[in-house]
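Novice: Using only what follows, build the 3D model:
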Amino acid sequence: MGNLFTAEQGFVQVHDHSPPWQERNVYFIMVDRFAKTETDPSTSPSEQEIDYFGWCGGTIKGIQLKLDYISNMGFNAIWITPIFQQQPDDKEGKWKAKYHGYHTGNIYEIDKHFGTKQDLLDLKEEMRKRDMLLMLDIVPNHMGCNINLHDPNWASQFYPFNHPSHYHLPPHYTDPSNPNWLHTTANHKLLESCWFFGLADLNSENAYVEETQKQWLLDLVSTYSIDAFRIDTARFMPKQYLNRLVASTNTFFMGEYAYGLEEGMRDYGIDYIADKMNYVGGALNFPGFLVMREVFVYRRKSVEALIEYYKLHLKKFKTNGLGNFVDNHDIPRFLADQDDISLLMNSLLWTYSIPGFPIVYYGTEQHFSTVDSEKHDPYNRQPLWLSAYNTNTQLYNFIKRINNIRTTQKFWNHKLSFLSHGSGIVSSISARLLVYRVGEDCIVVLNNFGKQGNARIQMVKKLLFGRVDVNMKNWKDELELGGKIVGVEGRDDIVEIQVFNGFPLVFCRILD
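Specialist: Presented below is the predicted three-dimensional model:
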């Protein structure tokens, strides 16, 4: 595809590398918590023995050993957290262990806890055999933390950025104990130059830093055949700098712009994210996430908010480079905030329907929720081996089905046609049920009733199917959760949608 994005004068045009990713279903893994090299469950500690602030033992090799578990669920791409050499562990505190991978010490080495360079090559080769793509998390914004700035050699612990000039030191810095020079949203400039929670902020105006990071990215692609990068804390870096990093490789990038979580709802941050995508190419879909939570978690908004969001999405976003998600490693799991599997199913199906590509956080398929009522980081990062990789859970099989539906029906090629708000409705129950077509061959029914919700709604057959001469025998209930679309006795022009226990419904024409 051509130069879809244009940058301001002096910046580099960014090619649209999203098409290969819009066809992918992505499984997101925190490496330390997914799978060990030794897979015998009997050697694993119980949940009560897990130190959630420490290393738990997940490895790159462990991911390779569990690729079938992932691919059999219908995922054809994986996003993994950073694997580079971390700072040495501290004695205590929330960040005593750098198991998450976001406190880098040396960008050129793989941390021994995660494995070796050969392990990464082996993983990529096994993924290639399964036609799976790999997205690697990177942290170009900062290095590690717990730094004594009174020590003139404080930067020597990092490599290759081992000199103070490689880092931002805000002009009003006078005292290392002054929190005002750390992470702040006071203004745009401070947001990009101050230290995110005390992490050493790399100087994006330094030519050595920029050229080193560009070459590093090129080396990762050429050595390991990395298919895409996720940019951690992209919000805290100048968009012009990221634009130049992205343009230096022929690769898809997805930026983390966690906008809107503290600023309030407003436009859900759509304009903000759309602007950043002009420079980076792709982004995590925080606007879509915020709307989804309002409708399915808190249920403060009706399903009409989804229609409003979808219209804005089509208007504002120029590509399908958005990663759609319901939760992740920085946010409480969906089931921790809303203990209702039917609502989670509806939410997941929505992220599979809208433009972009779906991302499912590991453990969702195992119904992971809280740990002793604790739901925030690190308790949303449970070791997956505690589940024994059960492939018979309700959510494992639901996710397997919607992965198959999205791939088989090529959802990414079709716009949504909303049917339950407008002319042609014979009867309606509330603004809590949403019906839409994906192309001509799939009908999706979502709701935010919750697990006790049962409902019936009648619709004109021509409106629902797009034509009258429909043979219902040629259409199939893809989810098999109890919901139905059936004819109405004595009426050839009317059908009835039946919702059971709040579960969603996908009704598709059987393909030849």
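
Novice: For the stretch 1-150 of the chain, just list every one of the strands.
Specialist: Listed in chain order, the strands found in the stretch 1-150 of the chain under DSSP state E, counting those that start in this stretch are 26-29, 77-80, 84-86, 104-110, 133-138.

Novice: Could you pull out the buried residues of the first one?
Specialist: Within strand 26-29, the residues that count as buried by 16 or more other Cβ atoms under 10 Å are Val26, Tyr27, Phe28, Ile29. Every C-beta, even on glycine, is put in place using the N, C-alpha and C of the backbone.

Novice: Gly58 touches Glu38, doesn't it?
Specialist: No. Taking Cβ atoms under 8 Å as the contact criterion, Gly58 and Glu38 are not neighbours in contact, 11.0 Å apart.

Novice: which element follows the helix or strand of the chain with the lowest mean pLDDT toward the C-terminus?
Specialist: Every helix and strand of the chain was ranked by mean pLDDT, DSSP states H and E. The lowest is helix 188-193, at a mean of 64. If you walk from helix 188-193 toward the C-terminus, the next helix or strand you reach (DSSP states H and E) is helix 207-224.

Novice: Give me the helices and strands touching that following helix, please.
Specialist: Counting contacts by 3 or more Cβ pairs under 8 Å, 6 or more residues apart in numbering; DSSP states H and E, the secondary-structure elements packed against helix 207-224 are helix 117-129, strand 133-138, helix 239-247.

Novice: How about residues contacting it?
Specialist: Residues from elsewhere that reach helix 207-224, judged by Cβ atoms under 8 Å, 6 or more residues apart in numbering: 107-108, 117, 120-121, 124, 134, 136, 138, 140, 160-161, 166, 202-204, 226, 229, 241, 244-245, 248-251.

Novice: need the strands of the stretch 1-150 of the chain in CSV with distance to Arg293 and mean pLDDT, can you?
Specialist: Written out in CSV, the entries for the strands of the stretch 1-150 of the chain read as follows (distance: least, Cβ to Cβ, whole Å; pLDDT from 0 to 100):
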stretch, distance to Arg293, mean pLDDT
strand 26-29, 18, 98
strand 77-80, 21, 98
strand 84-86, 31, 97
strand 104-110, 31, 97
strand 133-138, 23, 98
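
Novice: Deepest in the core, which of the ones you listed is it.
Specialist: Highest mean neighbour count among these (mean count of other Cβ atoms under 10 Å): strand 26-29, with a mean of 26.

Novice: Show me how far that strand is from its chain's centre.
Specialist: Using Cα atoms, centre = their mean, to the nearest Å, we find the averaged C-alpha position of strand 26-29 to lie 8 Å away from the chain's own average C-alpha position.

Novice: Stretch 306-314 now?
Specialist: The offset between the C-alpha centroid of stretch 306-314 and the centroid of the whole chain comes to 19 Å, using Cα atoms, centre = their mean.

Novice: looking at it, Ile273 is touching Phe286, isn't it?
Specialist: Yes. The criterion here is Cβ under 8 Å, and Ile273 meets it with Phe286 at 6.6 Å.

Novice: Give me the common contacts of those two.
Specialist: With contacts taken as Cβ under 8 Å, 6+ apart, Ile273 and Phe286 have Tyr257, Tyr259 as neighbours in common.

Novice: in which helix or strand would I find the closest residue to Leu416 other than its chain neighbours?
Specialist: Of all residues beyond its chain neighbours, the one nearest Leu416 is Tyr436 (4.7 Å), with distances taken as Cβ to Cβ, 6 or more residues apart in numbering. Of the helices and strands defined by DSSP H and E, Tyr436 is found in strand 433-438.

Novice: List the buried residues for stretch 139-157?
Specialist: Under 16+ other Cβ under 10 Å, the buried positions of stretch 139-157 are Val139, Pro140, Asn141, His142, Met143, Gly144, Cys145, Ile147, Leu149, Trp154, Ala155, Gln157.

Novice: and the least confident of the residues you listed?
Specialist: pLDDT is lowest at Leu149 among these; the value there is 79.

Novice: Give me the phi and psi angles of it.
Specialist: Main-chain dihedrals, Leu149, degrees, to the nearest 10: phi -70, psi -10.

Novice: what do you get for the one 5 residues further on?
Specialist: When quoted as degrees, to the nearest 10, the phi and psi of Trp154 stand at phi -60, psi -30.

Novice: Could you check how far it is from Val12?
Specialist: Per Cβ to Cβ, to the nearest Å, Trp154 is found 33 Å from Val12.

Novice: Lys117 too?
Specialist: Between Lys117 and Val12 the distance, using Cβ to Cβ, works out to 30 Å.

Novice: rewinding a little: would JSON lines of the strands of the stretch 1-150 of the chain with distance to Ala455 be doable?
Specialist: Conversion of those to JSON lines gives the following (distance: least, Cβ to Cβ, whole Å):
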{"stretch": "strand 26-29", "distance to Ala455": "32"}
{"stretch": "strand 77-80", "distance to Ala455": "35"}
{"stretch": "strand 84-86", "distance to Ala455": "51"}
{"stretch": "strand 104-110", "distance to Ala455": "51"}
{"stretch": "strand 133-138", "distance to Ala455": "39"}
